[in-house]
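Q: just the structure for this:
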Amino acid sequence: MKIKLTEFFSLLFLFMITSIFWGSWFTVSRVTDHFDSAALVTLVHTFELTFPVPMRILAPLTVVLMAILLTQDGQKWPGRLIWLSLIFLVLTILYTFVVVIPADRAIASWSAGTLPTDWQYVRTKWKNDQLYRAVFCLISMCLFVASFLTRKASYRFPGAAKLGTGSL
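A: From the prediction side, this is the model:
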């Protein structure tokens, strides 16, 4: 039962992280080209105020839960897929800290007097950074879901191994 709860919350939290990253890119990618610099600064500042708190909890907790699953899963392929999923999640988190957060902070610090001359290029790069992060996280999510789909029926459904033997 503990492993099922760990699986459930790992999947739920990974889904939430993916939704945050994918949803923010999906929304922003359609409108940022129409933003002036002031609107972009306001948007990025809002992101900085709203995303860090839930992500400080969700990201490390998801990594820990997925790591726990690795110690519990005795099946070869599902375990490898969880490893790959965990690697992509860690890459997503690292990419966020190394690329996205510094860009967010730089954009949030802009004002009318400190606006760089190439701010449209920075806006496009920022939008692409959001996409790369979302794709890394989406790959992690797909690999994690695939780990559930590749498990043997006897693991997913205890008692399924007895089906067809006449002894349920």
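
Q: how far away is residue 91 from residue 40?
A: Taking CB to CB, to the nearest Å as the measure, residue 91 falls 26 Å from residue 40. Glycine gets a C-beta too; all of them are placed from N, C-alpha and C.

Q: who has more neighbours, these two?
A: residue 40 (22 against 16; other CB atoms under 10 Å).

Q: list the contacts of the more buried one.
A: 32, 107, 119, 123, 126 (CB atoms under 8 Å, 6 or more residues apart in numbering).

Q: restricted to helices, list these.
A: Among the contacts of residue 40, the residues falling in helices (DSSP state H) are 107, 119, 123, 126.

Q: what is the burial count for the nearest residue to the first one once chain neighbours are set aside?
A: Taking CB to CB, 6 or more residues apart in numbering, and ignoring the residues beside it in sequence, residue 107 has residue 44 as its nearest neighbour in space, at 4.4 Å. The number of residues packed near residue 44 is 22, by other CB under 10 Å.

Q: on the three-state scheme, residue 44 is what?
A: Judged by DSSP: H, G, I helix; E, B strand; the rest coil, the three-state class of residue 44 is helix.

Q: confidence score at it?
A: If you check residue 44, the pLDDT there is 88.

Q: hang on, it packs against residue 102?
A: No - Residue 44 is beyond contact range of residue 102, at 11.8 Å (criterion: CB atoms under 8 Å).

Q: what residues sit buried inside stretch 76-85?
A: Under the neighbour-count criterion of 16 or more other CB atoms under 10 Å, stretch 76-85 has 78-79, 81-85 buried.

Q: same check on stretch 135-148?
A: 136-141, 143-144, 146-147.

Q: and the helices in this structure?
A: Remark: helices assigned in the chain by DSSP H are 2-31, 37-50, 52-72, 76-95, 101-108, 119-149, 153-156.

Q: quick check: which helices or strands does the fourth one pack against?
A: When contacts are defined as 3 or more CB pairs under 8 Å, 6 or more residues apart in numbering; DSSP states H and E, helix 76-95 sits against helix 2-31, helix 52-72, helix 119-149.

Q: packing partners of the longest one?
A: The helices and strands touching helix 119-149, judged by 3+ CB pairs under 8 Å, 6+ apart, are helix 2-31, helix 37-50, helix 76-95, helix 101-108.

Q: no further questions, thank you.
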